[in-house]
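Enquirer: next input, structure requested:
(one chain, ligands or ions: 1)
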Amino acid sequence: MKQIMTVTGWISPEQLGFCQCHEHLMLDKGVPYEIDPNMCMDDLSKSTDEASRLKQMGGSTVIDAQPAGCGRNAEGLVQISKASGLNIIASTGFHKLIFYRDAHWLHTLPADQIADIFISEIQTGMYSGAEKGLPKDRLPYRAGIIKAALDRENLTPQYQKLFYAACSAAAETDVPLMVHIEKDSNPLALLDFLLKQGVAPGRMIFCHMDRAAASLQIHKELLSQGIYLEYDTIGRYKYHSDWIEIQIIKEMLRSGYESQLLFSLDTTRARLKSYTPDAIGLDYLFTTFMPLMHKEGITDRQILKISHLNCIDVFTKEHGL
Ligand SMILES: [Zn+2]
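Expert: Next up, the predicted model:
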């Protein structure tokens, strides 16, 4: 059976357990912080406390969705994992281009060299830093997933270059490709592009559709092509209530997609208790959201699929099929 790479080494599919598929545990100050001060979680003991609370509640694994060169702190993730006992899967890949300065290597290098960097972060070890200048300081800890981002300008030549690199790394490494979907972007056109590049639909996760696209028809069109949707507009009342979120999930369950849904919280500083004491916390799925799912009639089996089994499948299903 295929194994899954965490920051502290391989784990078996059974060890993945309860998985939050898109979080931010550690984030150094950088361009994201200059855009939004919430995008900074640089206190190791606070981030560790947060992870420990999740572990104590029953969490097993978190995917950290910050790729290289925009504040990812790979060493911090290793320390958090060792201290809390939580499995952490780190990301290589690219985020929205507004998070990188003009001279950044993601802007300047051609697709094949960027793909080589992504591949080497998965096969050899992640780079530390890499905010300025070419990545050079390699750590012995490997990334386990490719993160990419579709912003509202869609597939401009610059984004196409980055997606070519991500697709080529996905083909070479057979790890999942997880895509941030921005509101007002075109995820259907992106999926078309990714399928043409040969990425297996069963290795693709589109994130944030629950706040990116109000039309549930678009969710269903994406799901009908075999990809996974990761929902995380949970405990985010500026977007919508948890009750609305549950109605979105129930509609997808009614439509037969229980094997393609994942969930998480996409936390940053404002929603982590250790940084913001009255925040929802990284354990909110346990304390609040899953009890509400139960109350609203979502079955134990469906919750097990969303929280455990589907995450295992996206990493380990043979050829992503
Ligand atoms: Zn995120």
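Enquirer: any residues of the stretch 1-150 of the chain in contact with the ion? List them.
Expert: Taking C-beta under 5 Å from the ion as the criterion, the stretch 1-150 of the chain approaches the ion at residues residue 65. Bear in mind the C-beta positions are built from the backbone N, C-alpha and C, glycine included.
Enquirer: repeat that with 8 Å
Expert: Remark: the part of the stretch 1-150 of the chain in contact with the ion comprises 22, 23, 24, 65, 66, using C-beta under 8 Å from the ion.
Enquirer: return the member of the residues you listed nearest to the ion.
Expert: Within those, proximity to the ion (C-beta to the ion) peaks at residue 65, which comes in at 4.4 Å.
Enquirer: show me what contacts the closest one?
Expert: With contacts defined as C-beta atoms under 8 Å, 6 or more residues apart in numbering, the neighbours of residue 65 are 22, 23, 24, 91, 147, 178, 180, 207, 266.
Enquirer: quick check: closest non-adjacent residue to the second one.
Expert: The shortest distance from residue 23 to any residue other than its chain neighbours is 4.9 Å, reached at residue 62 (C-beta to C-beta, 6 or more residues apart in numbering).
Enquirer: so how far is residue 54 from that neighbour?
Expert: If you measure residue 62 against residue 54 using C-beta to C-beta, to the nearest Å, the figure is 7 Å.
Enquirer: give me the common contacts of those two.
Expert: Jointly contacting residue 62 and residue 54 under the rule C-beta under 8 Å, 6+ apart are 20, 86, 282.
Enquirer: check contacts around the first one.
Expert: For residue 20, the set of contacting residues under the criterion of C-beta under 8 Å, 6+ apart consists of 54, 59, 61, 62, 63, 263, 264, 265, 282, 285.
Enquirer: what about 10 Å?
Expert: 54, 59-64, 86, 230, 232, 262-267, 282-285, 307, 311 (C-beta atoms under 10 Å, 6 or more residues apart in numbering).
Enquirer: related to what we said a few turns ago, any chance of a PyMOL selection covering the buried ones in the contacts of residue 65?
Expert: Of those, the buried ones can be selected in PyMOL as follows, counting by 16 or more other C-beta atoms under 10 Å:
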select buried, resi 22+23+24+91+147+178+180+207+266
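Enquirer: as TSV, the contacts of residue 65 with secondary structure and pLDDT would be great.
Expert: Converted to TSV, these look like this (DSSP: H, G, I helix; E, B strand; the rest coil; pLDDT from 0 to 100):
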residue	secondary structure	pLDDT
22	strand	98
23	strand	98
24	coil	97
91	strand	98
147	strand	98
178	strand	98
180	strand	98
207	strand	98
266	coil	97
